[in-house]
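> Sequence plus the predicted model coming up.
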Amino acid sequence: MTPRNGLDSLLRPEDSVLVLIDHQPYQLTNVNSHEPQMVVNNAAALAKAAKAFGVPTILTSVIADRGGRIFPQITDVFPGQEVIDRTFINTWEDEKVVDAVKATGRKQIIIAGLWTEICVAMPTIQALGEGWDVTVVTDASGGTSVEAHEVAIQRMIMAGANMMTWLSVAAEWQRDWARTEHAAELSEVLVQHAAGSGIAFLWEQQLLNTPVPRDAG
């Protein structure tokens, strides 16, 4: 397996395309690798970060009439966007999804979904075999057990996939705080979804905007 290292291996927003797979009620009910609210929070944060950086995002569900619609926390980020509904368990066997990815012209595929061991692992392994650069966002995904999630991650790493968390993806897209074009949007995502880091940012803003008492010192 070729080591993934060097500057060119880092994610770039202009080369990235995000695929969010099966973040649906049926799947969420049997996520046991993470707290369900954490998965919803992290998937929504990843979606908002992608939108902030102009990263094309493809939303796909499986048999939504039975499994439920994609979480509104995600679809509300992309109002009016079509959700590609499939019958294939393996997203990468659905030509409509693959064609949508190819149409972006991007080479770095970023995947998150439910469940890790099935709906994330299958397309990841197939896409890797077809020469794509694939990153899996582990904390915006979830498995039916801790073991299922972790074994799937090991399997995908062995196949050549890159593993990251949503915040590390966002940071890699930003890369340099001197790049101010998307910094404000990213800061808002941190406030909404990054817990302690977001609250600390608000606190910092409060302190910076609080006048120093005249009799201080």
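Good, I have the coordinates. Numbers count the residues shown, from 1 in each chain.

> residue contacts, S61?
Applying Cβ atoms under 8 Å, 6 or more residues apart in numbering to S61 gives the contacts D22, Q24, G67, R69, I70, V83, I84, D85, R86. In this view, the C-beta of every residue, glycine as well, is placed from N, C-alpha and C.

> Quick check: buried residues in the helix or strand containing it?
Using DSSP states H and E, the element containing S61 is strand 57-62. For strand 57-62, the buried set under the neighbour-count rule, 16 or more other Cβ atoms under 10 Å, comprises T57, I58, L59, T60, S61, V62.

> and if you look at stretch 103-118?
Buried residues in stretch 103-118, counted by 16+ other Cβ under 10 Å: 104, 106, 108-118.

> Wait, a strand at I110?
Yes: according to DSSP: H, G, I helix; E, B strand; the rest coil, I110 belongs to a strand.

> Verify the stated contact: it with V137.
Yes: in terms of Cβ atoms under 8 Å, I110 counts as a neighbour of V137; the distance is 6.3 Å.

> Overlap of the contact sets of the two?
Taking Cβ under 8 Å, 6+ apart as the contact criterion, the common neighbours of I110 and V137 are V169.

> if we can go back for a sec, determine which two of the buried residues of stretch 103-118 are furthest apart.
T104 and E117 (26.8 Å; Cβ to Cβ).

> quick one on the thing from earlier: from the contacts of S61, which single one is nearest M156?
The shortest approach to M156 among these belongs to D22, at 16.3 Å (Cβ to Cβ).
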